[in-house]
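> Need coordinates for the below:
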Amino acid sequence: MYAIIADGGRQHKVEEGQTLEVDLRQVNPGDQITFDRVLAIGGDEGFKLGTPEVSGASVTAKVIDQSKGNKVFVQKFRRRKNSKRRTGHRQKYTRVRIEKIA
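Down below sits the predicted model:
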């Protein structure tokens, strides 16, 4: 069984037992998170598509930890002006394990 959820402006296809990185949330490891915006559910019984969401469906996940992504460098350069700038950014994530699709 799988579900397509919407979180943080993105859509994720998730299955039970899968590990997923979502945007940072102020939660502790071991806490439960519920994703209520379920767009579709598929499995042995068939495929159910929401309009825009499947009513009564939810996905429960357990928080594993919080981590940072890879560093992304941003460089700005203006030719013949002796103007250069380099900055970096590391996005913070919350890693969750999908426990139940209901």
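
> ok, now how distant is the residue of the chain positioned farthest from its centre from Thr87?
Ranked by distance from the centre of the chain (Cα atoms, centre = their mean), the top residue is Arg80, with 42.2 Å. Per Cβ to Cβ, to the nearest Å, Arg80 is found 22 Å from Thr87. From N, CA and C alone the C-beta is placed, and that goes for glycine too.

> In which helix or strand does the residue nearest the centre of the chain reside?
By Cα atoms, centre = their mean, the chain has its centre lying nearest to Val22, at 2.9 Å. Following DSSP states H and E, the helix or strand that holds Val22 is strand 19-23.

> which element follows that strand toward the C-terminus?
Once the chain leaves strand 19-23, the next helix or strand it forms, by DSSP H and E, is strand 32-35.

> Quick one: residues contacting Ser58.
Contact analysis of Ser58 by Cβ atoms under 8 Å, 6 or more residues apart in numbering lists Thr34, Phe35, Asp36, Val38, Ala102.

> about what we covered before: kindly state the pLDDT recorded for the residue farthest from the centre of the chain?
Note on Arg80: pLDDT of 94.

> now swap in Glu45 and tell me
Glu45 carries a pLDDT value of 87.
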